[in-house]
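1. no sequence on hand, only this structure:
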């Protein structure tokens, strides 16, 4: 793709021009939030078409580099990418507005899905989503295949992936998965000598404010949740912690959330979890909006009705999106100098390999609650093959599952 260079801002009326440009950018982000189906890869294609080729907010090379940077951070890649673009165009204020506009459609839809799941008759819901649940497992199986295909390049990566999958499947505890990610990164750090040496390194200058804010919120939320025992506060802390440790996007998020909120805390049933995981595939925007669905269902036990569940959805959404946003604000300021170091590059091999293992384990963990019937097995396999074919969009597959549930 031909590189498109940004035109310099005009000298007169500069602040007004930037303000108008910011408004136009937010409208473009809203359009993406309402139409960007298919996950980070599809989001990238739409950003290239709208933000680069049409609007020329940045070049294709700049967009790809920002995306690569976001992929090595915990959190939702597409969300961090579009937020980082807003940061470059208009600073923190535009970046926060960008985040809000981007996530609002998906979070609203998934909050509504959580409320609907709570107040519909259980048998009606079960019939409606009976085919969406195995379809969701097919999506996870496809994600495991794609992630493994991209990041598994060495024997060490294979060993880490297999070991992580076995341990994650065996020890279904909330702290197991983050620990595996950290250990995986530490193991491959010792392979840094195999990375190419970059000479003439620039001195590293770090602005710590956003990192301190990220860490401060993490500690404060944990202490406040432990002291008050209020469920919305604890939900925020749970999602904030998970959002701070999820490398690899929504594929790795699913097993983390299943382990904590279904297996450990039992805020929702495996069937409800799978139903939401399938529905989020048919929703535009970030897959991390799944947190709003879980937060809404988790608040049912508080007995505060619809308002309480909406509060739970907001706590889940805020918790899952905030850490990645703060971290990208922190890292983008000095990334060009940090990536000169071989240790940083080497650790990513282990983190990515463990992430692939977690998604592989999630495929089996999520299938277990389903009835072991030929229909469910066929639906998992057909979903996997359709996604591999890449001709039918994900929302069409989920929509077909919902229609089938309504008919039968």
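-> Sure, I can see it. Note that the structure is predicted; figures quoted are calculated from it, not measured.

2. how far away from the center of its chain is stretch 79-93?
-> 17 Å (Cα atoms, centre = their mean, to the nearest Å).

3. give me the contact list for it.
-> When contacts are defined by Cβ atoms under 8 Å, 6 or more residues apart in numbering, stretch 79-93 is touched by residues 18, 21-22, 25, 29, 32, 43-44, 47, 51, 57-58, 63, 66-67, 69-70, 73, 94-95, 97-99, 102-103, 286, 288, 321, 324-325, 327-329, 332. C-betas here are computed from N, CA, C, even on glycine.

4. for stretch 299-309, same thing?
-> Residues outside stretch 299-309 that contact it (Cβ under 8 Å, 6+ apart) are 111, 114-115, 118, 231-232, 235, 267, 296-297, 311-313.

5. could you redo the last one with a cut-off of 6 Å?
-> Stretch 299-309 is contacted by residues 115, 118, 231, 296, 312 when judged by Cβ atoms under 6 Å, 6 or more residues apart in numbering.

6. list the contacts of the fourth one.
-> Okay, so that is residue 296. The contact partners of residue 296, taken as Cβ under 6 Å, 6+ apart, are 111, 114, 309, 312, 313.

7. next: the second one.
-> Residue 118 is in contact with residue 300, counting by Cβ under 6 Å, 6+ apart.

8. what helix or strand does it sit in?
-> Using DSSP states H and E, residue 118 falls within helix 77-119.

9. same check on the last one?
-> Residue 312 is located in helix 305-331, with elements delineated by DSSP H and E.

10. the fourth one now?
-> Secondary-structure element containing residue 296, defined by DSSP H and E: helix 290-298.

11. cool, residue 19 as well?
-> Using DSSP H and E, residue 19 falls in helix 14-35.

12. got the contact list for that helix?
-> 10, 46, 50, 89-90, 94, 97-98, 101-102, 105, 284-285.

13. ok, stretch 214-222 next?
-> So stretch 214-222 is contacted by 236, 237, 240, 323, 326, 327 (Cβ under 6 Å, 6+ apart).

14. which sections of the stretch 201-350 of the chain are below the confidence cut-off?
-> 201-203, 247-251, 302-303, 335-340 (pLDDT under 70).

15. recalculate using a threshold of 50.
-> Along the stretch 201-350 of the chain, no part satisfies pLDDT under 50.

16. tell me which stretches of it form strands.
-> With strands called from DSSP state E, counting those that start in this stretch, the stretch 201-350 of the chain shows none.

17. quick one: the helices in it, in order.
-> 209-228, 231-243, 250-257, 270-280, 290-298, 305-331, 335-338, 342-367 (DSSP state H, counting those that start in this stretch).

18. ok, now how distant is residue 311 from residue 232?
-> Separation of residue 311 from residue 232 (Cβ to Cβ, to the nearest Å) stands at 5 Å.

19. ok, now residue 390?
-> For residue 390, the distance to residue 232 equals 40 Å [Cβ to Cβ].

20. of the two, give the one with the bigger neighbour count.
-> residue 232 (21 against 9; other Cβ atoms under 10 Å).
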